[in-house]
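J.: Turn this into a structure:
(chains A, B, C and D)
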There are 2 protein chains.
Amino acid sequence: MTAAEQEYIKQIYTGIADGHLPMQTYMLAELVGAKPASATDMVKKLTLKGLLNYRKNHGFSLTESGEQVALQIIRRHRLWELFLTENLKIDWKQVHAMANELQSINSDLLVNNLEAYLGYPVYDPHGEVIPDAKGHLPQTERMEIYDLKVNQGATVTGFRDSGSAFLAYIEKLGLLIGVRIQVTSLIEYNHSVEIAISQVSSFIITKETAQKIYVTINE
Amino acid sequence: MTAAEQEYIKQIYTGIADGHLPMQTYMLAELVGAKPASATDMVKKLTLKGLLNYRKNHGFSLTESGEQVALQIIRRHRLWELFLTENLKIDWKQVHAMANELQSINSDLLVNNLEAYLGYPVYDPHGEVIPDAKGHLPQTERMEIYDLKVNQGATVTGFRDSGSAFLAYIEKLGLLIGVRIQVTSLIEYNHSVEIAISQVSSFIITKETAQKIYVTINE
DNA sequence: TTATATAATTAGACAAGACTAATTTTATAA
DNA sequence: TTATAAAATTAGTCTTGTCTAATTATATAA
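T.: Model (predicted):
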């Protein structure tokens, strides 16, 4: 598989995981940074390879084997992201782009040894779970900040958006992985959420942001 | 620069370093694993970019800036090779192909942090010197086994050929980096060389092989 | 039900990098 | 000096992945 095909498959997987089922052409094009016409071409090609279910003009989804392929690419991407931050000390906001190039190196030996070297990690630096060599995702029960009730306390465990602008905003707010937060109020008007970081700060985030931050409820 | 352009530039550099000056089309084609017609196309393109000196039908060499580019690619290649063997414990005979993919990721941040992580190494796993961030090569005085005189003792410090078949042969003979050898006789007939590994073994290698193994004379 | 905005697709073009087949150059040997 | 083998180049084709512009489908609102 070419690097481009792999990137498309990966974006289809994450798009669907974010609730866009079936996936649509214009959305895929946006995710990979191309025009819809290019996405249509690639969707046709991936369909011929048996990786997508595609109904012309009605979107597409991954087949069983397409999903397995996607999980392998995501595995590589997340392992490299972790290596870049943990070992090479590269800023977590910058590793996504580099990992996008590294993910295309499709060698089981390389990836499995990298995984062992990193100590069989479960989470990447953005809090996303890393599929194992068989494509199995570790189960974690977590929700979005947006799902929390007022006064409910939780711990930040990950983010749905790996773009550097979003991550810079998160960093500025101090909402890093492991930080404990509490919802202090819900704004009825536009569904924004006010949250507090224990004794440190308190601020309002939009609904969209609250849906992009994963948390686990404190015991 | 595309990955293909980078691979061509790297091969031109190493070809010239092995004494092929000027470099010729058929040789470059062989080094990159393509047909001569493809090499001609690429040579024209690289010439337009100011990286090669090219006289039609008379070969080519690197310009000043072409050499700087080549050293950066070689730097990346060798740093990755070292990472793959040292850290990921991948067999040294297999790392060349993987490093060929990794070398195309052209990020100073990535490469410089990788270099720091590896502890600013001087040699890659095949004994080749690693250029620094400015493209300077550490000076080492070393020669080929073929240059040694009878009874002269020396230590293996590297290899000119990174192909897995050659490296497997080297491994079989026990001529790994750091091993002390002695030339026991020179075969006049075909310029083969008989060498001994102290008390361990003794065998004959061809002239070609003797020219591919670097040694440093023992003090 | 019809008009319309949005999304999707098609057709055709282009750049990169590779190939084959044919031709031209160069160097060498007779 | 001429014939010839080896090397290099050219011309034309193919695949991948992208694009623009034009056309067609779909869903929604009047």
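
J.: quick one: A:Glu81 and A:Asp124 touch, right?
T.: Yes. With contact defined as CB atoms under 8 Å, A:Glu81 counts as touching A:Asp124 (4.9 Å). Where C-beta positions appear, they are placed from N, C-alpha and C, glycine not excepted.

J.: How about the residues of chain A by DNA strand C?
T.: Residues of chain A lying close to DNA strand C by CB under 7 Å from any atom of the strand are A:24-27, A:36-37, A:40-41, A:43-44, A:54, A:56-57, A:59.

J.: same thing but at 6 Å, please
T.: Contact residues (CB under 6 Å from any atom of the strand) of chain A with DNA strand C: A:Gln24, A:Thr25, A:Tyr26, A:Pro36, A:Ala37, A:Thr40, A:Val43, A:Lys56, A:Asn57, A:Gly59.

J.: Buried ones among these?
T.: Among the residues of chain A next to DNA strand C, the ones that count as buried by 16 or more other CB atoms under 10 Å in any protein chain shown are A:Gln24, A:Thr25, A:Thr40, A:Val43, A:Gly59.

J.: which ones are touching the residue nearest to A:Ser198 when sequence neighbours are not counted?
T.: Counting by CB to CB, 6 or more residues apart in numbering or on different chains, A:Arg180 is the residue found nearest to A:Ser198 once chain neighbours are left out, at 5.6 Å. The contact partners of A:Arg180, by CB atoms under 8 Å, 6 or more residues apart in numbering or on different chains, come to A:Gly153, A:Ala154, A:Thr155, A:Val156, A:Ile197, A:Ser198, A:Asn218.

J.: Tabulate those (JSON lines), appending secondary structure, distance to B:Thr85 and neighbour count.
T.: Shown next, in JSON lines, are those (DSSP: H, G, I helix; E, B strand; the rest coil; distance: CB to CB, whole Å; neighbours: other CB atoms under 10 Å in any protein chain shown):
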{"residue": "A:Gly153", "secondary structure": "strand", "distance to B:Thr85": "48", "neighbour count": "15"}
{"residue": "A:Ala154", "secondary structure": "strand", "distance to B:Thr85": "44", "neighbour count": "23"}
{"residue": "A:Thr155", "secondary structure": "strand", "distance to B:Thr85": "39", "neighbour count": "16"}
{"residue": "A:Val156", "secondary structure": "strand", "distance to B:Thr85": "38", "neighbour count": "22"}
{"residue": "A:Ile197", "secondary structure": "strand", "distance to B:Thr85": "44", "neighbour count": "17"}
{"residue": "A:Ser198", "secondary structure": "coil", "distance to B:Thr85": "47", "neighbour count": "11"}
{"residue": "A:Asn218", "secondary structure": "coil", "distance to B:Thr85": "45", "neighbour count": "11"}
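
J.: quick one: which two of these are the most distant?
T.: Pairwise distances across the contacts of A:Arg180 peak at 13.3 Å for A:Ile197 and A:Asn218 (criterion: CB to CB).

J.: distance of A:Glu86 from A:Asn112?
T.: Distance from A:Glu86 to A:Asn112, counting by CB to CB, to the nearest Å: 18 Å.

J.: cool, and A:His58?
T.: Taken as CB to CB, the span from A:His58 to A:Asn112 is 38 Å.

J.: and if you look at A:Glu5?
T.: In terms of CB to CB, A:Glu5 sits 22 Å off from A:Asn112.

J.: residues in contact with the most centrally placed residue in chain A?
T.: Centroid-nearest residue in chain A, with CA atoms, centre = their mean: A:Arg160, separated by 4.6 Å. Listed by CB under 8 Å, 6+ apart, the contact set of A:Arg160 reads A:Asp18, A:Glu144, A:Gln211, A:Lys212, A:Ile213, A:Tyr214.

J.: Could you rerun that using 10 Å?
T.: Counting by CB atoms under 10 Å, 6 or more residues apart in numbering or on different chains, A:Arg160 makes contact with A:Thr14, A:Ala17, A:Asp18, A:His126, A:Gly127, A:Glu128, A:Glu144, A:Phe166, A:Gln211, A:Lys212, A:Ile213, A:Tyr214.

J.: got it, and A:Asp124?
T.: Here A:Asp124 is in contact with A:74-75, A:77-86, A:92, A:95-96, A:99, A:130, A:158, A:162 (criterion: CB under 10 Å, 6+ apart).

J.: can you give me the helices for chain A?
T.: For chain A, helices defined by DSSP state H occupy the ranges A:3-17, A:25-32, A:36-48, A:64-86, A:95-102, A:108-117, A:164-173, A:207-210.
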